[in-house]
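Chemist: Here is my input, please return the structure:
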Amino acid sequence: MSDMRIAKTISITLPPELLRQAQEIARSEQRTMSELFREALRRYMQGEVEWRELVKRTRARGRALGIKSETDVERVSDEYRREKHRSSTR
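Modeler: This is a model prediction of the structure:
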């Protein structure tokens, strides 16, 4: 079997106002609704990948800084601001 792309048709349900907005965007960008939703889904999925990578990096950095709670986040932020202020007044 060849590697042919076969598009599948799906059906989605939208509230009337969201549908109206999507139709207006598609019209203003001279796209079909399918093109608009494909692009929206691609962007959503890419954003999710980037978000997961960001969370992974920040969790690792947080562990390295000894952050275990929101109080620790505030402490580290305050320390950073104080140091930044000190270095800018030198």
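Chemist: Check residue 38 and give its pLDDT.
Modeler: Looking at residue 38, its pLDDT is 96.
Chemist: Oh, that last question was meant for residue 53, not what I typed.
Modeler: Confidence score, pLDDT, at residue 53: 92.
Chemist: and it, helix, strand or coil?
Modeler: Classification of residue 53 by DSSP: H, G, I helix; E, B strand; the rest coil places it in helix.
Chemist: With residue 5 instead?
Modeler: coil.
Chemist: next one: residue 31
Modeler: Assignment for residue 31 (three-state DSSP): coil.
Chemist: Tell me who's in contact with it.
Modeler: 25, 39 (CB atoms under 8 Å, 6 or more residues apart in numbering). For glycine as for every other residue, the C-beta is placed from the backbone atoms N, C-alpha and C.
Chemist: Now with 10 Å, please.
Modeler: 25, 37-39 (CB atoms under 10 Å, 6 or more residues apart in numbering).
Chemist: what does residue 36 give?
Modeler: Here residue 36 is in contact with 22-23, 25-27, 29 (CB under 10 Å, 6+ apart).
Chemist: Narrow those to those that are buried.
Modeler: residue 26 (16 or more other CB atoms under 10 Å).
Chemist: what's the closest of the contacts of residue 36 to residue 44?
Modeler: residue 22 (13.9 Å; CB to CB).
Chemist: The closest one touches residue 33, doesn't it?
Modeler: Yes - if you go by CB atoms under 10 Å, residue 22 and residue 33 touch, sitting 6.6 Å apart.
Chemist: buried subset of the contacts of residue 31?
Modeler: By 16+ other CB under 10 Å, the contacts of residue 31 give residue 37 as buried.
Chemist: okay, among the contacts of residue 31, which ones form the most distant pair?
Modeler: 25 and 38 (13.2 Å).
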